[in-house]
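Engineer: got a predicted structure here, sequence first:
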Amino acid sequence: MRKKILILICLLTCIGLHADDEIRFNDYFEDRGLRVDFYFLGNAAEESVVIGRLVREGPWPENPDRILDAFEYGKYQVLVEDIASGRLIFRQGFDCEFGEYQTTGPARAGKKKVYERSVRIPFPKQPVRLKFESRDRNNVPRPLFAEEIDPSDTGIIRETVYSGDETFVLLENGAPHHCVDFVFIGEGYTSSEREKFRQDAEKYTGILFANEPYRKLKHRFNVRAVFRPSPESAMDEPRQAVFRKTMLDASFNALGLDRYLLTQRNHRMREIAAQVPYDAIIVLVNSMRYGGGGIYNDYCITTVDNERSGPVFLHELGHSFAGLADEYYSSEVAYEEFYPEGVEPLEPNITALPGGKVKWDSLLSPGIRIPTEYGKAERDSLSARLGRNRREMRVTLEAARKRNASSDEIQSIEKSFKKKSEKLGKKLDELRARYSDLEDKVGAFEGAGYTSNGLYRPMINCLMIYHPKNEFCRVCQAAIENMIGYYSSR
């Protein structure tokens, strides 16, 4: 009996300690946001942070019961410590284009660059210490920056967040604290294209909620849009010598990749978004060109009028909202060893199989082999040959047209190359058919994270690599659902 009483006392004590340790939002924060506009400066070997300005924003839109990040995503972390008690009262992971730049050739050669970035924290009631941490190549967080913030500081900008831009409510299911709040911002829409932006925002809202798991959890979302016109339509295309004066200066050729679309106006983007409650920003670019980009806990950007813009939007939102990794491994990228060999990636949908363990083991198909053989070597060989054949056809046709070849000769060239492509395509289809029973299975399929060997993805097909039906795999769906649950409480 005495032993049972001691156990009960111990349990009650532990419960009491846990309750005392609970961080209550209202004890430390006002129901407002504080935007920190800052700059990353450096190269592969050096990185530093310089604060630009602090801006008091409107009501805090995120879930006040979720102020200590439950995920280990992002190269960087922002942390807030209460100075009086020394307690950690806010933590959130994030990524930045600068972190990507550090893995490129120019950065490794020592070239320094500056990138804008903003983070948002709840507005503190008492002085706090703002800290940034940066993960090293082994994903261990290291101190990067620290600065004290006094909420009574007259240097904090307290002007209205409203800039007179037009806002639209596209979906509303509840209070921002209890819903996931998405905001669409238009880029490259002139004042005469206001209605097109509204229609595009409605279109992409429809695309979002036609895809799982967004479809079944639509009741947990609010969606708004903010329209600020640009002087000119579209965006910059540096390799094509096309430059447009637009509100966010969006541009292709980010990090030297022709199809990679990003904006360098991060502070302005956040200022525009702050006019409505938001948890995630989606920038819609008024163009027919194929391309986009997505950075975790920063923003998603996509063109709107390409036939593949819908899947690009969902793919890039997978990066920015849910912290998903790219699962493809054969495309051209600017990164050099983005994922160091032997280090387990942070993202939930790729793994290096440390010790043979699969991070999504609860979703594995019964009896599946790890790693999962799916004819990868033969697939890669056939895909590479198909790619070479397409490139050779373009070069040969271009040369023929330059020398004014007859239409019969051009048709003959096209027929020859297409015949070879059809033959290779048939072999690829036959190979896929041999492993068709695996296409609905969750295993560990080699080839992910920009590398052919050593990293594994959950399923053969997924929107984070390619899916014929433009669907997320079950592991990515679970990761997105977890993020939705984190931001909402409905």
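Structural biologist: Everything's here; your move.

Engineer: buried set for stretch 55-69?
Structural biologist: Val55, Arg56, Glu57, Gly58, Trp60, Pro61, Glu62, Asn63, Arg66, Ile67, Asp69 (16 or more other Cβ atoms under 10 Å). In this view, the C-beta of every residue, glycine as well, is placed from N, C-alpha and C.

Engineer: contacting residues for the fifth one?
Structural biologist: What that stands for is Trp60. Phe29, Glu30, Asp31, Arg32, Gly33, Pro122, Phe123, His177 (Cβ atoms under 8 Å, 6 or more residues apart in numbering).

Engineer: which two among those are spaced furthest apart?
Structural biologist: Phe123 and His177 (14.8 Å; Cβ to Cβ).

Engineer: C-alpha coordinates for stretch 378-396, PDB please?
Structural biologist: Included here for stretch 378-396 are C-alpha records, laid out as PDB according to Å, rounded to 0.1, in the frame of the first residue of the first chain:
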ATOM      1  CA  GLU A 378      17.400  -0.300 -66.300                       C
ATOM      2  CA  ARG A 379      14.900   2.600 -65.800                       C
ATOM      3  CA  ASP A 380      17.600   5.100 -65.500                       C
ATOM      4  CA  SER A 381      19.400   3.800 -68.600                       C
ATOM      5  CA  LEU A 382      16.300   3.900 -70.700                       C
ATOM      6  CA  SER A 383      15.300   7.400 -69.400                       C
ATOM      7  CA  ALA A 384      18.800   8.700 -70.100                       C
ATOM      8  CA  ARG A 385      18.700   7.300 -73.700                       C
ATOM      9  CA  LEU A 386      15.200   8.900 -74.200                       C
ATOM     10  CA  GLY A 387      16.600  12.200 -73.000                       C
ATOM     11  CA  ARG A 388      19.600  12.100 -75.300                       C
ATOM     12  CA  ASN A 389      17.400  11.200 -78.200                       C
ATOM     13  CA  ARG A 390      15.200  14.200 -77.600                       C
ATOM     14  CA  ARG A 391      18.200  16.500 -77.300                       C
ATOM     15  CA  GLU A 392      19.800  15.100 -80.400                       C
ATOM     16  CA  MET A 393      16.600  15.600 -82.300                       C
ATOM     17  CA  ARG A 394      16.400  19.300 -81.300                       C
ATOM     18  CA  VAL A 395      20.000  19.900 -82.300                       C
ATOM     19  CA  THR A 396      19.700  18.100 -85.600                       C
END
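
Engineer: so what's the gap between it and the chain middle?
Structural biologist: Its chain's average C-alpha position is 30 Å from that of stretch 378-396, according to Cα atoms, centre = their mean, to the nearest Å.

Engineer: outside of that stretch, which residues touch it?
Structural biologist: So stretch 378-396 is contacted by 330, 413-414, 417-418, 420-421, 424-425, 427-428, 431-432, 447, 452 (Cβ under 8 Å, 6+ apart).

Engineer: the closest residue to Cys300 other than its chain neighbours: which element?
Structural biologist: Nearest non-adjacent residue to Cys300, counting by Cβ to Cβ, 6 or more residues apart in numbering: Ser320, 4.1 Å away. In this assignment (DSSP states H and E), Ser320 forms part of helix 309-322.

Engineer: tally of neighbours for the residue nearest to Cys300?
Structural biologist: Residues near Ser320, counting by other Cβ atoms under 10 Å, number 22.

Engineer: that one and Ser362, how far apart?
Structural biologist: From Ser320 across to Ser362, the span is 25 Å (Cβ to Cβ, to the nearest Å).

Engineer: got the CA coordinates for the helix holding Ser320 in PDB?
Structural biologist: Extracted in PDB, the C-alpha atoms of helix 309-322 (Å, rounded to 0.1, in the frame of the first residue of the first chain):
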ATOM      1  CA  SER A 309       1.200  25.000 -63.600                       C
ATOM      2  CA  GLY A 310      -1.300  23.100 -61.400                       C
ATOM      3  CA  PRO A 311       1.100  20.200 -60.500                       C
ATOM      4  CA  VAL A 312       4.000  22.700 -60.100                       C
ATOM      5  CA  PHE A 313       1.900  24.700 -57.600                       C
ATOM      6  CA  LEU A 314       1.100  21.600 -55.500                       C
ATOM      7  CA  HIS A 315       4.700  20.400 -55.700                       C
ATOM      8  CA  GLU A 316       6.200  23.800 -54.600                       C
ATOM      9  CA  LEU A 317       3.600  24.200 -51.900                       C
ATOM     10  CA  GLY A 318       4.800  20.800 -50.600                       C
ATOM     11  CA  HIS A 319       8.200  22.400 -50.000                       C
ATOM     12  CA  SER A 320       7.000  25.700 -48.500                       C
ATOM     13  CA  PHE A 321       4.200  24.500 -46.300                       C
ATOM     14  CA  ALA A 322       5.000  20.900 -45.300                       C
END
